[in-house]
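In: Here's a sequence, model it:
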Amino acid sequence: MENNFTSLGVNDSILKAISELGFETPTNVQQEAIPAILDKKDLIVMSKTGSGKTGAFGIPILQQLDPEIKEPQALILAPTRELAVQVESDIKKMGKYLEVKTIAVYGQHSIETEIKGLAKGPALVSGTPGRVLDHIKRGTLKTKGIKFLVLDEADRMLDMGFIDEVSTIITKTPDNRMTMLFSATMPIEVRNICQAYMREPVTIELETETKTVDTVEQLYYRVEKNEKRTQLNKLLKYEQPESCMIFCNTRFEVDRVQGYLERKGYQADALHGANNQNQRMKTIQDFKKGKVHILVATDVAARGLHIDDMELVINYDVPDDKNSYVHRIGRTGRAGQEGKAISLVTSDSIMSLYEIEEHVGVLIEEAELPSDEAIREKADAASGKWEKIIESQNRHQSSHRAKQQHPRPAKHHQKSATGSDLLAQQAKPAKPAKPGKPASSADEAMKTSAKRSVPVAQKKHVKVIMTKMGPVEVVSYGEEKKSLLSKVFGWLKK
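Out: Okay, the predicted model is just below:
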């Protein structure tokens with residue numbers, strides 16, 4: 001039997017589109033799943049890689065959609081908005097030569113835009129459970145015509161707490177629908193859904209050789225881009241590794257992270273392509289001997305670097321190259337020892353992580369960032385170099401708070417003139433008084449006024465009055481000064 005999409009029963013319109021996308025030979029999961037879905041069978045696919053799984057369900061679903069029906073016929077649930085968008089985008093490309101409308105609905109997206117899009121009658125809807133259920137409750141997503149329901153990355157979706165939403169959505173769809181479930185693992189919650197909502201499903205289980213060692217625990221945290229360094233510091237205080245490598249994608253980021261850690265009291269050094277050979281060798285030796293606690297590096301600079309007893313590797317940036325991930329985490333968990341690899345993932349890099357999962361054949365667990373209380377408990381129990389680092393950070397924080405509570409008075413190079421000074425300066429006669437002539441009452445009043453200092457904060461407004469001595473600028477202040485100023489005005493106008 002030929003190993004191509006034609007032999008699987010894929011029609012010409014879809015063949016043309018996927019050929020333009022570079023699809024030549026079906027992957028293992030596509031070869032197994034496409035005929036089963038075209039045969040209208042409920043399906044359970046267990047595959048660590050999930051390689052090509054969007055095509056595995058997208059191609060046969062597209063082929064069975066009726067373009068004449070102007071309501072949703074296929075509903076795909078995904079755990080994250082990024083995956084929901086990616087799935088919809090991929091299927092739209094596969095259906096390029098079909099008259100089929102698609103839409104993605106997800107949180108943090110304009111609900112009004114989605115409502116308008118749903119009103120146009122898309123045949124396929126891809127979305128996150130929370131937003132899909134929201135539209136169902138609003139009545140903006142009609143489910144009575146759903147023929148195909150896909151639960152993509154079901155284990156991750158349920159692990160993220162969507163079990164109730166998923167169950168509710170399933171009950172809102174027709175009983176005679178086809179249900180397809182794709183999952184890397186089969187925890188009890190996933191098995192329960194299969195038993196409750198699927199009819200004699202065909203099970204496809206594909207074993208894939210993993211490219212990472214089993215002794216390395218792999219997980220990731222979702223973080224905001226502008227919080228990465230702060231979260232990195234918190235994770236280091238929580239994990240407290242004896243040795244750690246942090247990987248960044250650029251030299252600039254390596255220097256930036258290394259400088260931040262050094263200011264936080266860590267013994268951190270940088271390793272990247274700008275280092276000369278002597279600097280590189282010294283940095284590596286210092287790290288091996290424990291003089292340097294944390295090494296921040298680029299992929300190129302760390303090639304060929306072998307460190308025994310490396311406890312922790314942190315991907316500060318998700319690598320651009322999938323193989324780089326394998327090389328990075330291979331620095332820990334060596335010689336059968338346990339290791340840990342943590343990735344900091346932003347909304348911009350989540351899809352790259354999913355591609356890495358498919359490449360390495362492992363589902364990387366998403367974890368919740370440790371709470372401040374959990375970090376404090378770890379910090380209180382710290383010893384050795386970690387105790388010193390945490391004490392140093394605590395002292396710095398206390399000093400910073402004290403400065404904020406008791407700021408130093410601002411220094412001024414030149415003393416600001418008060419309102420009284422202005423009056424005294426401006427009221428000086430243009431010509432000196434003749435010898436022997438007694439000072440006028442106005443002169444005496446101005447001298448008295450000049451000795452009185454009124455805070456600038458009380459100033460109300462400035463006006464200029466014409467006197468026999470010429471124009472004089474007069475500054476008006478609060479109520480307590482009105483009596484004096486009124487007398488001054490009277491004298492000056494005479």
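In: tell me the SS of I76?
Out: Following DSSP: H, G, I helix; E, B strand; the rest coil, we place I76 in the strand state.
In: That one and S126 touch, don't they?
Out: Yes: contact status for I76 versus S126: in contact at 4.3 Å, counting by Cβ atoms under 8 Å. All C-beta spots, glycine's among them, are computed from the backbone N, C-alpha and C.
In: With neighbour numbers in mind, choose between the two.
Out: Shown here are I76 and S126; by other Cβ atoms under 10 Å, S126 has more neighbours (30 against 26).
In: Contact partners for the more buried one?
Out: 76, 78, 84-85, 87-88, 91, 102-105 (Cβ atoms under 8 Å, 6 or more residues apart in numbering).
In: Make sure I342 is indeed in a strand.
Out: Yes: counting by three-state DSSP, I342 is part of a strand.
In: any idea whether the closest residue to it other than its chain neighbours is helix, strand or coil?
Out: Using Cβ to Cβ, 6 or more residues apart in numbering and skipping the chain neighbours, the partner closest in space to I342 is I314 (4.9 Å). Classification of I314 using three-state DSSP returns strand.
In: What's opposite I314 in the beta bridge?
Out: Listed beta-bridge partners, I314: I246, I342 (assigned using DSSP bridges).
In: hang on, the earlier thing: from the contacts of S126, pick the one nearest K53.
Out: V87 (9.5 Å; Cβ to Cβ).
In: right, and the closest one touches I76 too?
Out: Yes: taking Cβ under 8 Å as the definition, V87 is a contact partner of I76 at 5.7 Å.
In: Mutual contacts of these two, please.
Out: 126, 152.
In: Which of the helices or strands spans L181?
Out: Using DSSP states H and E, the element containing L181 is strand 178-183.
In: Same check on I14?
Out: helix 12-20.
In: then that helix to PDB, C-alphas only?
Out: C-alpha atoms of helix 12-20 as PDB (Å, rounded to 0.1, in the frame of the first residue of the first chain):
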ATOM      1  CA  ASP A  12      -8.200  16.600  -4.600                       C
ATOM      2  CA  SER A  13      -9.000  20.000  -3.100                       C
ATOM      3  CA  ILE A  14      -7.300  19.200   0.200                       C
ATOM      4  CA  LEU A  15      -4.400  17.400  -1.500                       C
ATOM      5  CA  LYS A  16      -3.600  20.500  -3.500                       C
ATOM      6  CA  ALA A  17      -3.600  22.700  -0.400                       C
ATOM      7  CA  ILE A  18      -1.500  20.400   1.800                       C
ATOM      8  CA  SER A  19       0.900  19.800  -1.100                       C
ATOM      9  CA  GLU A  20       1.500  23.600  -1.100                       C
END
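In: which residues do I76 and S126 both contact?
Out: 84, 87-88.
In: Tell me the one among the residues you listed nearest to Y221.
Out: Nearest to Y221 among these: A84, at 20.6 Å, using Cβ to Cβ.
In: That closest one against G130, yeah?
Out: No: assessed by Cβ under 8 Å, A84 is found out of contact with G130, at 10.8 Å.
In: the more surrounded of those two?
Out: More crowded of A84 and G130, by other Cβ under 10 Å: A84, with 26 against 14.
In: So which residues of the stretch 301-450 of the chain form strands?
Out: Along the stretch 301-450 of the chain, the segments classed as strands by DSSP state E, counting those that start in this stretch run 312-315, 339-345, 365-366.
In: quick one: contacts of the longest one?
Out: Yep, that's strand 339-345 we're talking about. Applying Cβ under 8 Å, 6+ apart, the external contacts of strand 339-345 come out as 215-223, 228, 231-232, 235, 239, 310-318, 328-329, 331-333, 353, 364.
In: Drop the exposed ones from those residues and show what's left.
Out: 216, 218, 220-223, 228, 231-232, 235, 239, 310-318, 328-329, 331-333, 353, 364 (16 or more other Cβ atoms under 10 Å).
In: Now do the strands in the stretch 1-150 of the chain.
Out: Using DSSP E, counting those that start in this stretch, strands in the stretch 1-150 of the chain cover 43-47, 74-77, 102-105, 124-127, 148-151.
In: packing partners for the second one?
Out: Meaning strand 74-77. helix 81-94, strand 124-127, helix 129-138, strand 148-151, helix 163-171 (3 or more Cβ pairs under 8 Å, 6 or more residues apart in numbering; DSSP states H and E).
In: same thing but 10 Å
Out: helix 53-64, helix 81-94, strand 102-105, strand 124-127, helix 129-138, strand 148-151, helix 163-171, strand 178-183 (3 or more Cβ pairs under 10 Å, 6 or more residues apart in numbering; DSSP states H and E).
In: highest average neighbour count across these?
Out: Neighbour counts (mean count of other Cβ atoms under 10 Å) averaged over each of the helices and strands packed on strand 74-77 peak at strand 124-127, with a mean of 28.
In: Neighbouring strands - and their directions - for that one?
Out: strand 74-77 (parallel), strand 102-105 (parallel).
In: about what we covered before: could I get the helices and strands packed on strand 74-77 as JSON lines with mean pLDDT and distance to E262?
Out: What follows is the helices and strands packed on strand 74-77, written out as JSON lines (pLDDT from 0 to 100; distance: least, Cβ to Cβ, whole Å):
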{"stretch": "helix 53-64", "mean pLDDT": "95", "distance to E262": "44"}
{"stretch": "helix 81-94", "mean pLDDT": "91", "distance to E262": "34"}
{"stretch": "strand 102-105", "mean pLDDT": "96", "distance to E262": "43"}
{"stretch": "strand 124-127", "mean pLDDT": "97", "distance to E262": "45"}
{"stretch": "helix 129-138", "mean pLDDT": "97", "distance to E262": "42"}
{"stretch": "strand 148-151", "mean pLDDT": "97", "distance to E262": "47"}
{"stretch": "helix 163-171", "mean pLDDT": "95", "distance to E262": "45"}
{"stretch": "strand 178-183", "mean pLDDT": "94", "distance to E262": "44"}
